[in-house]
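K.L.:
show me the folded form of this:
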Amino acid sequence: MELKINQQIKKFNAESLSVQSLLDLEIPNKQNGIAVAINNTVVPKINWNQHFVSETDEILIISATQGG
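P.N.:
Reported below is the predicted structural model:
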């Protein structure tokens with residue numbers, strides 16, 4: 001499966017991936033303070049296990065940063 005994540009094409013050896021599974025592969029140790037948007041719609045963290053991605057999706061993973 002090829003997915004476009006943060007404007008980059010990445011390949012995964014899976015038929016289907018939930019948002020949570022994708023994050024476990026991409027950023028296993030940095031899942032606090034992030035937001036995920038698929039096709040310009042934020043997916044609430046409570047739905048990460050049930051929301052599956054497809055190859056046509058535009059996926060954006062945003063990490064919160066400190067500063068002012």
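K.L.:
Val42 touches Trp48, doesn't it?
P.N.:
No - between Val42 and Trp48 there is no contact under CB atoms under 8 Å: 11.3 Å. (Glycine included, C-beta is placed from N, CA and C.)
K.L.:
overlap of the contact sets of those two?
P.N.:
Shared contacts of Val42 and Trp48 (CB atoms under 8 Å, 6 or more residues apart in numbering): Val36.
K.L.:
of these two, who's got more company?
P.N.:
Ranked by neighbour count (other CB atoms under 10 Å), Val42 and Trp48 place Trp48 first, with 17 against 12.
K.L.:
ok, that one touching Ala35?
P.N.:
No - between Trp48 and Ala35 there is no contact under CB under 8 Å: 10.7 Å.
K.L.:
residue ranges of the strands in the chain, please?
P.N.:
Secondary structure of the chain by DSSP state E: the strands cover 2-5, 8-11, 17-18, 34-38, 41-43, 52-53, 58-63.
K.L.:
reformat those as CSV; add distance to Ile27.
P.N.:
CSV is the format used below for those (distance: least, CB to CB, whole Å):
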stretch, distance to Ile27
strand 2-5, 10
strand 8-11, 12
strand 17-18, 14
strand 34-38, 7
strand 41-43, 15
strand 52-53, 15
strand 58-63, 7
